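Undergrad: Curious how this folds, go ahead:
(chains A and B)
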Amino acid sequence: MDYLKETEKYIISKGVIPEEETRGLIVYSADLKNGDCCLPCFKLSKVMRISPVAIAEKLKASMTDLPPFVEKVESVNGYLNFYFDRAEVTKEVIGSALKRGENFDPYPQNGKTICIDYSSVNIAKPFHIGHLLTTVIGGSLYRIFKFLGYKTVGINHLGDWGTQFGKLLTAYFRWGEGEQTMDSLLELYVRFHKEAEKDPSLDDEARMWFKKIEQGDKKATEVFEKFKQITLAEVGKVYDRLGIVFDSYNGESFYNDKLSDVVDELKRKGLLCESEGAMVVKLDEFDMPPCLILKKDGASLYATRDLAAAIYRKKTYDFDKNLYVVAYQQNLHFKQLFKVLELMGYEWAKDCIHVPFGMVSLEGAGALSTRNGNVVKLADVIEASVQKTKAIIARKNQDSPEADFIAEAVGVGAVVFGALSGGRIKDMVFSLDKALNFDGETGPYLQYTHARCCSVLEKGKEGEAEFGDTDDETFALVRLINAFDDTVLSAAEKYEPSIISRYLIDLAQAFNKFYIDHRIISDDTKTTAARLAITRAVKNTLKNGMALILLKAPQKM
RNA sequence: GCGCCAGUAGCUCAGUUGGAUAGAGCAACGCCCUUCUAAGGCGUGGGUCGGGGGUUCGAAUCCCUCCUGGCGCGCCA
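TA: Next comes the predicted model:
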């Protein structure tokens, strides 16, 4: 139940204050001492020309028939404070939470489709921690929107086009024919850049090889396809461990044969003009630099492919929203892209949304760079984290048969949560030590709390609950359980999984306080039943919330 | 130079559509396992919310200005 709305409705029903001015004023109290929610009357004071104190007093006087969930109302310094009937609210909140069961049903299908472009790996380049954010943010948004009843389309817009692949082929045929791995491909790429500094003719050779790929030359295409398979097999393993899925792997090369149509369309609509030898769409009147469509030599550019991709996605999926989970370096690019779509007359341009996130750099080593090999591979970080978890489990002397499963869930969870716990937009300095810290606000903390709930539930006998517990710790927990849906909706609205992460930390902290201060299983069957019901509601809420941020919830750890 | 974003405790960050005394975690120190998982809990210390001005009954939050940092600004993606 939305208690703020209910309270608002009740206040308005009194007819003491203007309805329009009251909407949205009610907030949850910061301090439980001041009640559970309150109406600050200062804004009303301006409209009604009465002092806030007088308004609060007048309202209080009118409230002779409180709704069932409100116990008392107080007027304090211009605030009208509502104290909830805790037993009543607890019963309602825990009751409806338990009704959802262990796995919450998704919202009913809303008939809307959302495309989410994320991860977007580059062929033959290492899958490193720089890709972690786009991968897990996108993967989490995918689950959040699916939960909310959207049809979701996850798109891995592969980086499988460009002169870089000419370079790779050059290096391959010169120094590395035969079986390749991701590592050996990276070595080839790094070696090319080193040698090309001394021998510029290598660049010409690279252009030649890329031209061959473009023309569909058999030898070039075969080798390139092999590189693609090697890459996808490698990153596929990481996706599996992270629980990331895609519905499409259409990358840059996929749009190759759709580019000329886009260019023609731009011409036809009078948007394309020649500038310094290149073809551009001018955006001066929107205070933006021009959007480059074709190079001097007639070759297409990034924007050209993205235009083709957006149009293709609209045609194919008829999306209601089209998300791009791409680093903020490309803010301008997407602004230009969406503006050009708008100028082309596509009203759906407004549904295209760039979801930017911050830069990842390496502790001590600065920016990540594929060229000089300054990378930390995602698979290595995950593996280190899982190994550390195994060591902890061994130390705790719990050689359970599920040890491997738990280590995998917790190790991966630590890495994933580390990436999803902070606001998207902040830059992140990656530190393995920090990623491997399992104390405090971390994924393992959430998982531990969940396992703790499971352990208690296994030992106690659940039964018909009567809620007499109304102390602050218990009630804080109840309020948090009730906030689950608002939290998910807010995360979706802002495309910000970290809102769910923060919420789950709050929930786990509240439960751990509750757990320490309240003996859950005791001789008193009524109290035991009530506390177990709360524990189960917490467990289920944690588990379902964790799934939305890609965290597994083992029963034990 | 212009544009966008960021600046909150030693560190990492919440809080930013204005509401009551600015909150967590990490690190440090001190406590709590003969009762449900100590990957936990409690306590202590730690703040010019980048600076200054303004709007307001009320500002970390809104406006102006300055400082610092990051990113972007034509043929890479």
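Undergrad: mind showing which ranges of the stretch 351-500 of chain A have poor pLDDT?
TA: Counting by pLDDT under 70, the ranges of the stretch 351-500 of chain A that qualify are A:363-374, A:397-399, A:469.
Undergrad: Quick check: residues of it near RNA strand B?
TA: Proximity of the stretch 351-500 of chain A to RNA strand B, by Cβ under 7 Å from any atom of the strand, involves residues A:359, A:367, A:389, A:392-393, A:396, A:406, A:410, A:421-423, A:425-429, A:437-442, A:444-445, A:448, A:451-452, A:454-456, A:459-460, A:498-499. Quick note: C-beta positions are derived from backbone N, CA and C, even for glycine.
Undergrad: Repeat that for the stretch 1-150 of chain A.
TA: Counting by Cβ under 7 Å from any atom of the strand, the residues of the stretch 1-150 of chain A lying close to RNA strand B are A:27, A:29-31, A:33-35, A:38, A:40, A:42-43, A:46, A:76-79, A:81.
Undergrad: Of those, which belong to strands?
TA: Counting by DSSP state E, those place A:27, A:38, A:40, A:76, A:79, A:81 in strands.
Undergrad: For ChimeraX, write the select line for the buried members of the residues you listed.
TA: To isolate in ChimeraX the members of these that are buried, counting by 16 or more other Cβ atoms under 10 Å, one can use:
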select /A:38,40,79,81
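Undergrad: Looking at the ones in strands among the residues of the stretch 1-150 of chain A next to RNA strand B, point me to the pair that's furthest apart.
TA: Taking Cβ to Cβ as the measure, these span a maximum distance of 14.6 Å, between A:Val27 and A:Val76.
Undergrad: need the contact list for A:Ser75.
TA: The contact partners of A:Ser75, by Cβ atoms under 8 Å, 6 or more residues apart in numbering, come to A:53, A:56-57, A:59-60, A:81.
Undergrad: how about the helix or strand hosting A:Ala451: buried residues?
TA: A:Ala451 belongs to helix A:443-459 when assigned by DSSP states H and E. Buried residues in helix A:443-459, defined by neighbour count with 16+ other Cβ under 10 Å: A:443-454, A:456-457.
Undergrad: from those, which single one is nearest A:Phe192?
TA: Nearest to A:Phe192 among those: A:Gly443, at 38.8 Å, using Cβ to Cβ.
Undergrad: Which residue comes closest to the closest one once chain neighbours are left out?
TA: If you skip the residues right next to it in sequence, A:Gly443 has A:Phe417 as its closest partner in space, 3.1 Å away by Cβ to Cβ, 6 or more residues apart in numbering.
Undergrad: same for the helix or strand where the one you found lies, what does it pack against?
TA: For A:Phe417, the host element (DSSP H and E) is helix A:403-420. When contacts are defined as 3 or more Cβ pairs under 8 Å, 6 or more residues apart in numbering; DSSP states H and E, helix A:403-420 packs onto helix A:132-147, helix A:218-242, helix A:378-395, helix A:432-435, helix A:443-459, helix A:498-517.
Undergrad: Check which residues of the fourth one are buried.
TA: Same thing as helix A:432-435. A:432, A:435.
Undergrad: which helices and strands does that helix pack with?
TA: Helices and strands touching helix A:432-435, as assessed by 3+ Cβ pairs under 8 Å, 6+ apart, comprise helix A:378-395, helix A:403-420.
Undergrad: cool, the fifth one as well?
TA: If contacts are counted by 3+ Cβ pairs under 8 Å, 6+ apart, helix A:443-459 sits against helix A:403-420, helix A:498-517, helix A:525-548.
Undergrad: Distance to A:Gly15 and mean neighbour count added to those helices, as JSON lines?
TA: Formatted as JSON lines, the helices and strands packed on helix A:443-459 follow (distance: least, Cβ to Cβ, whole Å; neighbours: other Cβ atoms under 10 Å):
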{"stretch": "helix A:403-420", "distance to A:Gly15": "46", "mean neighbour count": "23"}
{"stretch": "helix A:498-517", "distance to A:Gly15": "36", "mean neighbour count": "20"}
{"stretch": "helix A:525-548", "distance to A:Gly15": "37", "mean neighbour count": "22"}
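Undergrad: A:Gly130: which of those is closest?
TA: helix A:403-420 (11.2 Å).
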